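Colleague: just coords:
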């Protein structure tokens, strides 16, 4: 398995990041404007959906991030032609789709978990699919069991091999009744991408309903799919015989928007996030305001800023949409170190997402992590001996330190901490951040951050 350093180098090199370590001189407010592109968690899935069409698809607002580069490589080894049209636009032609060699899939996938979502579309198009061992950010157990069980429900035959997993569908795929024990985004995407061409009706209960899921449904409907979103997390899909290509502008990246908002608050800054929209960020905006942050909603984006005065402690419990996103808590925790009083964050989505706080403690933050559920009630991790609740006491004075990026959101949180801290900090493994943040060094420069590239 790749080491974290290997992962960082791979992701950084995919987007031309010249270094994997930067030195930041902290204590300077971030001020200015940055622009968002399409959401990482939608764009990569939309690219996979193009396999299902009979003709080319056009996807707009595609960010230059390593996860997009990885999916592009995987599509190309499977015979999909990917070309660039207008700026930030990809044209995806699946007319030559074919099976790829396991070695090629493994070489392009690296630590990404995206290959599992190729399986349904490939089973429909060529009757078989291979996936290697899967990786991803080291923030907890994200097993593929849901995915494999879903595919079996549709009629796929799953064979586990030493080098990975082979799937086939000699009798085709048929509609199924699928009940998820937890509203998994990945498993919901798997059902959608598989059910749209399956013979018959699929009923999915316990579905995830994140905005990125809804935008994927929009794309599939443009292609000719029949999908009904019902009450109580139930989605019904009527399989159709064929799908066409699509033209679509991707939903903005609300997780990146929240990250820059947290950076504005933590650094006493003022950042206009172009492309951000209110509707998809309602829950975050409420918490941001409770902490003491301010925002102005404009037609072309949202301005996030520290209005002065003391920040206030809050109690946060992460949850699936429409709850407070797990991807939002890590950057916001940095801002909470400056709040006067005690804040509590109860993580209920990923069981090991507080590994990033060790670096914050080294920098002077007062954070204690507990195994107990410190939210409104017990969660699925409460009896499993995971440290999934954090108590943040503030305000704390952060000072510069040498830190290593552990994962995508935790890594951006380390950047925020270094920008907030007094003195110099060296942040290593920054290539990991390139997985989901386009041109983050350029954006830091636009916002007036004081940093140097370590070559």
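Modeller: Nice, I can see it. Source: prediction; values computed, not measured. Numbers count the residues shown, from 1 in each chain.

Colleague: what about the helices in this protein?
Modeller: Ranges of helices in the chain, per DSSP state H, are 4-14, 40-49, 66-77, 102-109, 119-126, 145-153, 185-195, 211-223, 254-266, 282-291, 326-336, 357-362, 408-420, 440-446.

Colleague: just checking, what packs against the last one?
Modeller: Looking back up the chat, that one is helix 440-446. With contacts taken as 3 or more CB pairs under 8 Å, 6 or more residues apart in numbering; DSSP states H and E, helix 440-446 sits against strand 31-35, helix 408-420, strand 450-453. Backbone N, C-alpha and C define where each C-beta goes, glycine included.

Colleague: Same question for the third one.
Modeller: When contacts are defined as 3+ CB pairs under 8 Å, 6+ apart, helix 66-77 sits against helix 4-14, helix 40-49, strand 81-84, helix 102-109.

Colleague: Tell me the buried residues in it?
Modeller: 66-75, 77 (16 or more other CB atoms under 10 Å).

Colleague: just the fifth one next, same as before
Modeller: By neighbour count, and taking 16+ other CB under 10 Å as the criterion, the buried residues in helix 119-126 are 119-125.

Colleague: out of these, who's nearest residue 82?
Modeller: Each of these was checked against residue 82 using CB to CB; the closest is residue 121, at 14.9 Å.

Colleague: Contact partners for residue 296?
Modeller: For residue 296, the contact set (CB atoms under 8 Å, 6 or more residues apart in numbering) comprises 302-303.

Colleague: how near is residue 73 to residue 44?
Modeller: As defined by CB to CB, to the nearest Å, residue 73 lies at a distance of 12 Å from residue 44.

Colleague: returning to that earlier point: present the helices of the chain as CSV; the columns should include mean pLDDT.
Modeller: Output for the helices of the chain, formatted as CSV (pLDDT from 0 to 100):
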stretch, mean pLDDT
helix 4-14, 85
helix 40-49, 97
helix 66-77, 94
helix 102-109, 75
helix 119-126, 96
helix 145-153, 88
helix 185-195, 96
helix 211-223, 98
helix 254-266, 98
helix 282-291, 98
helix 326-336, 96
helix 357-362, 96
helix 408-420, 94
helix 440-446, 97
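
Colleague: Out of the ones you listed, the one nearest residue 242 is which?
Modeller: helix 211-223 (9.2 Å).

Colleague: quick one, the closest one and helix 185-195 angle?
Modeller: Using axes from the mean of the first three to the mean of the last three CA atoms, to 10 degrees, the inter-axis angle of helix 211-223 relative to helix 185-195 is 10 degrees.

Colleague: Could you pull up the residues touching residue 342?
Modeller: 313, 391-393.

Colleague: Can you select the buried ones among these for me in ChimeraX?
Modeller: Buried subset of the contacts of residue 342, written as a ChimeraX selection, criterion 16+ other CB under 10 Å:
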select :313,392,393
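
Colleague: Tell me the spacing between residue 279 and residue 322.
Modeller: Residue 279 is 11 Å from residue 322, by CB to CB.

Colleague: out of those two, which sits in the busier spot?
Modeller: Counting neighbours by other CB atoms under 10 Å for residue 279 and for residue 322 shows that residue 322 has the greater number, 12 against 7.

Colleague: Need the pLDDT of residue 142.
Modeller: Per-residue pLDDT puts residue 142 at 49.

Colleague: before we move on, what about residue 133?
Modeller: The per-residue pLDDT of residue 133 was computed as 62.

Colleague: same question, the one 5 residues further on
Modeller: Per-residue pLDDT puts residue 138 at 46.

Colleague: repeat for residue 431
Modeller: Value for residue 431, per-residue pLDDT: 93.

Colleague: Please tabulate the buried residues of helix 66-77 in TSV and include distance to residue 365 as additional columns.
Modeller: Converted to TSV, the buried residues of helix 66-77 look like this (distance: CB to CB, whole Å):
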residue	distance to residue 365
66	29
67	29
68	33
69	34
70	33
71	36
72	38
73	39
74	39
75	42
77	44
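
Colleague: Now for the residue of the chain most remote from its centre: which residues touch it?
Modeller: Going by CA atoms, centre = their mean, the residue of the chain most distant from its centre is residue 171, 34.5 Å out. With contact set as CB under 8 Å, 6+ apart, residue 171 has these partners: residue 155.

Colleague: Against residue 198, how distant is it?
Modeller: 12 Å.

Colleague: what's the answer for residue 51, then?
Modeller: 15 Å.

Colleague: now do residue 13
Modeller: Applying CB to CB, the value for residue 13 to residue 198 is 38 Å.

Colleague: Neighbour count for the two, which is higher?
Modeller: Neighbour totals were compared for residue 13 and residue 198, and residue 198 leads with 25 against 15 (other CB under 10 Å).

Colleague: tell me the contacts of that one?
Modeller: Applying CB under 8 Å, 6+ apart, one finds that residue 198 lies in contact with 124, 154, 172-176, 237, 239.

Colleague: For the residues you listed, which two are the farthest from each other?
Modeller: 172 and 237 (15.7 Å).

Colleague: of the two, who's got more company?
Modeller: Neighbours were counted for residue 172 and for residue 237 using other CB under 10 Å; residue 237 has more, 26 against 14.

Colleague: how about the nearest residue to the more buried one once chain neighbours are set aside, what does it touch?
Modeller: The shortest distance from residue 237 to any non-neighbouring residue, by CB to CB, 6 or more residues apart in numbering, is to residue 195 (3.9 Å). Listed by CB under 8 Å, 6+ apart, the contact partners of residue 195 are 120, 154, 175-176, 202, 204, 237, 239.

Colleague: Which of these fall within strands?
Modeller: Applying DSSP state E to these, the entries found in strands are 202, 204, 237.

Colleague: would TSV of those residues with pLDDT and distance to residue 167 be doable?
Modeller: Output for those, formatted as TSV (pLDDT from 0 to 100; distance: CB to CB, whole Å):
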residue	pLDDT	distance to residue 167
202	98	18
204	98	19
237	98	20
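
Colleague: of all those, which comes closest to residue 414?
Modeller: Using CB to CB, residue 204 comes nearest to residue 414 of the ones in strands among the contacts of residue 195, at 37.0 Å.

Colleague: The closest one - how many residues pack around it?
Modeller: A total of 26 residues lie near residue 204 under the criterion other CB under 10 Å.

Colleague: go on, residue 445?
Modeller: 13.

Colleague: same deal with residue 418?
Modeller: So residue 418, with other CB under 10 Å, has 28 neighbours.

Colleague: before we move on, back to that, show me which of the contacts of residue 198 is closest to residue 265.
Modeller: Nearest member of the contacts of residue 198 to residue 265, counting by CB to CB, is residue 237, at 40.8 Å.

Colleague: so how far is residue 177 from that closest one?
Modeller: Residue 237 sits 11 Å away from residue 177, going by CB to CB.
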